[in-house]
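J.: from the sequence below, what's the structure:
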Amino acid sequence: MSGDAVALARRMLAGDRRALARLITIVDDGDPAVASVMREIHPKTGRAHVIGITGPPGAGKSTLVWALAAEYRRRGREVGVIAVDPTSPFSGGAVLGDRVRMPADAPAGVYFRSMASRGQLGGTSRSVRGVVHLLDAAGKDIVLIETVGAGQSDVAVRTLAHTTVVVSVPGLGDDIQMLKAGILEIADVYVVNKADREGAERTAAQLLAMIDMGRESARSAGHTGDEGWTPPVVRTVALKAQHIDALADALDAHRAYLVQSGRWEALVRAQSAAELQEALLVRLEQRLAGAAVSAERERLIEAIASRKTDAFQAADALLERIQSGHGA
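T.: Below you'll find the predicted structure:
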């Protein structure tokens, strides 16, 4: 399979859209050939601007994503969209499928893929990073990631995206305060969607006040943080495609700021560290699945349950077995 996957990767790099679709399936399924694919495409990655879109359910994220994709297409950009959906407890697939999430009037030329979160608390799936790399290598200028939208846990997108957008809507009221210590604090750009509703100005004012208070608190604590960028609050009506151009301008301005300030490189390095950590965990899981290690693992589970050892001692024993080569 590894050789076939590498051939697919080369076809994708040559512009084969079907090869891209098959490679995304390979990555999403966690196929062992993923490592060979990533090795093949890695030199062609690192060019796309990855934008994470998160926020509470009902904020209109899907409509906003498609309106933004259409705006970027008008600007001549190649766009990929990843919609991370809740996982079905029965099939393990995405509860909301491609045909549900993709509007009938979806902009031409946008590559879309719906993926299951597979129960991960961060609102994204582990395989999303690999799919981002595929879309990047395939020549997408913009990659939009829409998260599950589960509330404060939707912060893992920060380790995937260069720019994080948090979407809110009028009428949340006290929810703004509840979310303040969660997803609202990860935003590079804030969006008040459905801004034609009553209370939009109040919601925007709450967000602006929260930004000011957060900066003042950081200064008082001696943490200057990143004062070179002030997150803007953009009011949109995604259903009517209103003010989407202003949102795209804000996102482009954030990318320009990251590049000019040198923070782009720092962000890429931090994301590379997270990716290495994930790869190490994958390799460890693969080693733990080996027959010899698996048998030893079951024995140690029984030992922990019978109080003959503890979990840390058992973990050390498993690692020693792997390092000695007996688990290969």
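J.: and the helix or strand containing Val37, average pLDDT?
T.: Using DSSP states H and E, Val37 sits in helix 34-41. Regarding helix 34-41, the rounded mean pLDDT is 95.
J.: for that helix, name the packing helices and strands.
T.: For helix 34-41, the packing partners by 3 or more Cβ pairs under 8 Å, 6 or more residues apart in numbering; DSSP states H and E come out as helix 2-13, helix 17-28, helix 128-137. To be clear about C-beta, it is placed using only N, CA and C from the backbone, and glycine gets the same treatment.
J.: would you put the C-alpha positions of that helix in CSV?
T.: Extracted in CSV, the C-alpha atoms of helix 34-41 (Å, rounded to 0.1, in the frame of the first residue of the first chain):
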residue,chain,number,x,y,z
VAL,A,34,0.3,8.0,5.9
ALA,A,35,3.9,8.3,6.9
SER,A,36,5.1,7.6,3.3
VAL,A,37,2.6,10.2,1.9
MET,A,38,3.7,12.9,4.4
ARG,A,39,7.3,12.2,3.5
GLU,A,40,6.5,12.7,-0.2
ILE,A,41,4.5,15.9,0.1
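J.: and the angle for it with helix 17-28?
T.: Orientation check (axes from the mean of the first three to the mean of the last three Cα atoms, to 10 degrees): helix 34-41 against helix 17-28 gives 140 degrees.
J.: roughly how far out does helix 34-41 sit from the chain middle?
T.: 20 Å (Cα atoms, centre = their mean, to the nearest Å).
J.: just the pLDDT for the closest residue to Thr309 other than its chain neighbours.
T.: Leaving aside its sequence neighbours, Thr309 sits nearest to Ala303 (Cβ to Cβ, 6 or more residues apart in numbering; 4.5 Å). Looking at Ala303, its pLDDT reads 95.
J.: the helix or strand containing Ala303 - contacts with which helices or strands?
T.: Using DSSP H and E, Ala303 sits within helix 291-305. Packed against helix 291-305 by the contact rule (3+ Cβ pairs under 8 Å, 6+ apart) you find helix 263-288, helix 311-324.
J.: what sits up against the helix holding Val37?
T.: Here helix 34-41 makes contact (Cβ atoms under 8 Å, 6 or more residues apart in numbering) with 2-3, 5-6, 8-10, 12-13, 23, 26-27, 130, 133-134, 137.
J.: now do the buried residues in it.
T.: Val34, Ser36, Val37, Met38, Glu40, Ile41 (16 or more other Cβ atoms under 10 Å).
J.: just to revisit the earlier point, closest one to Ala256 among the helices and strands packed on helix 291-305?
T.: helix 263-288 (9.7 Å; Cβ to Cβ).
J.: same for that closest one, what does it pack against?
T.: So helix 263-288, by 3+ Cβ pairs under 8 Å, 6+ apart, packs with helix 244-261, helix 291-305, helix 311-324.
J.: quick one: that helix to helix 291-305, angle?
T.: Using the same axes, to 10 degrees: helix 263-288 against helix 291-305 is 90 degrees.
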